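Student: missing the sequence, but the structure's below:
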């Protein structure tokens, strides 16, 4: 609606991404994250479902029903890692935040492989992944925030660390709003000039998010309601910014518009579906 607002935030996109990773790491103790990685089988089931099975399901089942462009956007959205703010959402809904952090970081490292396979072999798109640039981004946006979090925890008290864990979800969600504003450039123009196309993007984004959450809870319910619901957030709320950095030019200029629209379900659905998340948690407790 207000393109100048997007223009103001656009230059801050990379610092916001860095801070989102840092706030996510600060929300969970390293001990909890290590225990989840080593002992919780849900990590590997969620990663396999997220980065292998869901892209396959979307590719085969949606191809007869969507245009070539929408089908490509739908499959690509399932080939990337979770947004960093899922850790904050999990803490707010009393879900498994440690599982969220581990799956989010692991998915960020692994996602170039399924993305490359689906774009190169299944859609025929010409994609070139610059491994040096990607490795540098992993260093800056994943390893460096972990190092910063470790240094912070070395110099502050246990009580201060616990207070940071308590307030970081709110900080992360505010940063997510700023991130959304920084990638909304172009959405307002399409709203005025090609409303029907923008509406198709909006329907695809919301339809993808809702359907993924429902089928993920059903598919992973054997892990327990709490882990299955955590997996639903991880699989639905995906980091499309990483896709844009790796393969954006190969997906066409409209992909950047879809990237902006893709943020909207992540602002709306956590409020609308709050009872869905909390119902599954209460079922586990009972």
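Tutor: Nice, thanks for sending it over. These numbers were taken from a predicted model, which means no experiment stands behind them.
Student: how about the contacts made by residue 36?
Tutor: Counting by C-beta atoms under 8 Å, 6 or more residues apart in numbering, residue 36 touches 43, 96, 98-99, 101-102. The way it works is simple: take the backbone N, C-alpha and C, and place the C-beta from them, glycine included.
Student: what of residue 77?
Tutor: 208, 238, 240, 243, 262.
Student: what backbone torsions are found at it?
Tutor: phi -60, psi -20 (degrees, to the nearest 10).
Student: ok, residue 211 next?
Tutor: phi -70, psi -40.
Student: ok, now how distant is it from residue 255?
Tutor: Going from residue 211 to residue 255 by C-beta to C-beta, to the nearest Å gives 21 Å.
Student: these two: which is more packed in?
Tutor: residue 255 (21 against 14; other C-beta atoms under 10 Å).
Student: show me what the strand or helix carrying that one is packed up against.
Tutor: Using DSSP states H and E, residue 255 sits within helix 254-262. If you count contacts as 3 or more C-beta pairs under 8 Å, 6 or more residues apart in numbering; DSSP states H and E, helix 254-262 packs onto helix 68-77, helix 187-193, helix 195-219, helix 240-247.
Student: compare the mean pLDDT across those helices and name the weakest.
Tutor: Among the helices and strands packed on helix 254-262, helix 187-193 carries the lowest mean pLDDT, a mean of 74.
Student: run the chain-centre distance for it.
Tutor: 25 Å (C-alpha atoms, centre = their mean, to the nearest Å).
Student: and if you look at stretch 235-243?
Tutor: Counting by C-alpha atoms, centre = their mean, stretch 235-243 comes out at 4 Å from the chain centroid.
Student: same question for stretch 263-272.
Tutor: 12 Å.
Student: that stretch: which residues count as buried?
Tutor: 263-266, 269-270 (16 or more other C-beta atoms under 10 Å).
Student: could I get those residues as TSV with distance to residue 177?
Tutor: Below are the buried residues of stretch 263-272 laid out as TSV (distance: C-beta to C-beta, whole Å):
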residue	distance to residue 177
263	9
264	12
265	14
266	10
269	15
270	12
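Student: ok, back up a step: closest to residue 114 out of the contacts of residue 77?
Tutor: residue 243 (11.0 Å; C-beta to C-beta).
Student: so who does the closest residue to that closest one other than its chain neighbours touch?
Tutor: Spatial nearest neighbour of residue 243, chain neighbours left out: residue 80 (5.0 Å); criterion: C-beta to C-beta, 6 or more residues apart in numbering. Going by C-beta under 8 Å, 6+ apart, residue 80 touches 107, 111, 115, 238-240, 242-243.
Student: and the helix or strand residue 98 falls within, what does it pack onto?
Tutor: Using DSSP H and E, residue 98 sits within helix 97-110. Applying 3+ C-beta pairs under 8 Å, 6+ apart, we find helix 97-110 packed against helix 13-26, helix 30-39, helix 42-48, helix 86-92, helix 225-236.
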